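S.K.: With the sequence up front, the predicted model follows.
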Amino acid sequence: MTRRQQSTGPTLKALLAAPDGRRRGEEHHSAKLTRALVRTIREALELGVAPATLARETGVSRQSIGDIRDEKTWKE
């Protein structure tokens, strides 16, 4: 098999990685949240649910909930 035949494009692993090679979001091995759960968190915040309540229910810190709210993490 030639190199041209071997190279069929990027691998799934490469497609899931961020440009710097790191896995982001729910693709990261230690992720506690999914995109769907993050959307639910944002909707709950808009309805006035306290960040501490969401943090307790999802198993992440209040800071993480705040970062999601402020789009410092889980940017869309």
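M.R.: Thanks, I have the structure now. Values in this document were obtained by computation on a predicted structure and should not be read as measured data. Residues are numbered from 1 along each chain as shown.
S.K.: the helices in this protein, which residues?
M.R.: Here the chain has its helices, by DSSP state H, at 3-6, 12-16, 35-46, 51-58, 62-69.
S.K.: give me the low-pLDDT residue ranges for this protein?
M.R.: Applying pLDDT under 70 to the chain flags residues 1-24, 26-28, 30-31.
S.K.: Kindly recompute the last result at 90.
M.R.: Low-confidence segments of the chain (pLDDT under 90): 1-35, 73-76.
S.K.: winner for burial among the helices of the chain?
M.R.: When you average the neighbours per residue for each of those (mean count of other Cβ atoms under 10 Å), helix 62-69 leads with a mean of 17. (Glycine included, C-beta is placed from N, CA and C.)
S.K.: can I assume residue 37 is in contact with residue 60?
M.R.: No: at 9.7 Å, residue 37 does not count as touching residue 60 under the criterion of Cβ atoms under 8 Å.
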